[in-house]
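1. Here is a sequence with its predicted model. Questions after.
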Amino acid sequence: MKIYIDGKYYDQKNAKISVFDHGLLYGDGIFEGIRAYNGRVFKLKEHIDRLFCSAKAILLRMPLSHGDVVRAVVETCRRNKIRDGYVRLLVTRGAGTLGLNPNRCKNPAVIIIADKIQLYPAELYERGMEIITVPTIRNLHSALNPAIKSLNYLNNILAKIEANNAGCEEAVMLNAEGFVSECTGDNIVIVKAGQVLTPPLSAGALYGITRGVVLELAREGGLSVAEPNLTRYDLFNADECFLTGTGAELIPIVKIDGRVIGTGKPGPITRRLVDKYHALTNVSGEPIYG
Ligand code: PMP
């Protein structure tokens, strides 16, 4: 495996960064998880746009232009002979001194890893997955906005541990007002009376790229789409539910906090959107091999 660090490629065992990097010391940095399908990088521009938005929010000077990042991601895929895979793109504050001050970090570090990913067991995509609501609430947007895809994922990790301890793979996270925000690494969508509903971004969710694609596919398919605040009651009484994420893609949810959702099987609208999503990933994206 060839890993990109600051413009150079290293074998995995030589791909190293400083122990003084504030990405490590403080989680001071940002990242993107990107997927390649059939020799193309899916929604690359959108991921890099979001990376630049995260950088702006944390006052991180991007050492590369948007176009440079596109080229570096594509080249890293090419060097790793990726046709179908997963790209992790990170920008850290860089090496500094002990102490929080980001001004002591002279050069942000850019790291790109192109590999494979399998988030959830394959059979759960067929049967549907069970999730629970956990006590750890999602970060307040006035404290650390969940729209920033930062290297500081402890909020999500604590929720993930609570889900895992209860025998679940994923958790619903509420916000401080008790409305549904998202899951630890995925956005959540329900279908009720033919309408596709997902929490508004102001409920404290990442501006999920898969979420955006799925809402667009739903609209194109003639479904009505809305983004109201949702409560656990709304989830329990949904006809269908699924999660969206670059790694997870679309995964059906059939039980939440012990309540069976709909028929207890992945629903017809979910299945239709899954098919449309795969049809799109197969043909669109930034070509890796010219
Ligand atoms: N929410 C969180 C907290 C995430 O980390 C992610 C990405 N794994 C998502 C939602 C889904 O976002 P996207 O569709 O852009 O991958």
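-> Received the coordinates, thanks. Residues are numbered from 1 along each chain as shown.

2. contacts and neighbour counts: CA atoms only from here.
-> Noted.

3. Helices of this structure, start to end?
-> Along the chain, the segments classed as helices by DSSP state H run 22-26, 44-57, 66-79, 122-127, 154-165, 209-220, 232-236, 268-283.

4. burial of residue 99, as a residue count?
-> Using other CA atoms under 10 Å, residue 99 is surrounded by 11 other residues.

5. At the contact with the ligand, which residues of the chain appear?
-> Counting by CA under 6 Å from any ligand atom, the chain comes close to the ligand at 184, 185, 186, 187, 206, 208, 209, 210, 211, 244, 245, 246.

6. Report the spatially closest residue to the third one, excluding sequence-adjacent ones.
-> Leaving aside its sequence neighbours, residue 186 sits nearest to residue 245 (CA to CA, 6 or more residues apart in numbering; 4.8 Å).

7. OK, contacts around residue 66?
-> 48, 49, 52 (CA atoms under 8 Å, 6 or more residues apart in numbering).

8. tell me the contacts of the residue nearest to residue 186?
-> For residue 245, the contact set (CA under 8 Å, 6+ apart) comprises 185, 186, 187, 208, 209, 210, 211.

9. Pull out the buried members of these.
-> With burial judged by 16 or more other CA atoms under 10 Å, the buried subset of the contacts of residue 245 is 185, 186, 187, 208, 209, 210, 211.

10. can I get the residues you listed in a markdown table with pLDDT?
-> Formatted as a markdown table, those follow (pLDDT from 0 to 100):
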| residue | pLDDT |
| --- | --- |
| 185 | 98 |
| 186 | 98 |
| 187 | 98 |
| 208 | 98 |
| 209 | 98 |
| 210 | 98 |
| 211 | 98 |
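
11. Among the residues you listed, which one sits closest to residue 44?
-> residue 209 (10.0 Å; CA to CA).

12. neighbours around residue 144, how many?
-> 13.

13. Can you tell me how far it is from the ligand?
-> Residue 144 sits at a distance of 12 Å from the ligand (criterion: CA to the nearest ligand atom, to the nearest Å).

14. got a list of what that residue touches?
-> Counted by CA under 8 Å, 6+ apart, residue 144 has zero contacts.

15. Which pLDDT value goes with it?
-> For residue 144, the model assigns a pLDDT of 95.

16. just so I have it, where are all the strands in the stretch 1-150 of the chain?
-> With DSSP state E, counting those that start in this stretch as the definition, the stretch 1-150 of the chain shows strands at residue ranges 2-5, 8-11, 29-37, 40-41, 85-92, 109-115, 129-133.

17. The shortest one pairs with which strands, parallel or anti?
-> If I follow you right, that is strand 40-41. With DSSP bridges as the test, strand 40-41 is paired with strand 29-37 (antiparallel), strand 286-287 (antiparallel).

18. same check, this time on the first one
-> Within its sheet, strand 2-5 is paired with strand 8-11 (antiparallel), strand 109-115 (antiparallel), according to DSSP bridges.

19. Around residue 87, count how many other residues there are.
-> Neighbourhood size, residue 87 [other CA under 10 Å]: 23.

20. Apologies, that question was intended for residue 145.
-> Residue 145 - counted by other CA under 10 Å - has 18 other residues nearby.

21. rewinding a little: closest one to residue 286 out of the buried ones among the contacts of residue 245, please.
-> Nearest to residue 286 among these: residue 209, at 15.4 Å, using CA to CA.

22. rewinding a little: pick the one among the residues of the chain next to the ligand closest to residue 174.
-> Proximity of those to residue 174 (CA to CA) peaks at residue 184, which lies at 10.6 Å.

23. just to revisit the earlier point, and of the strands paired with strand 40-41, who's closest to residue 99?
-> Closest approach to residue 99 among those (CA to CA): strand 29-37, 15.3 Å.

24. For residue 114, list each beta-bridge partner.
-> For residue 114, the beta-bridge partners are residue 87 (DSSP bridges).
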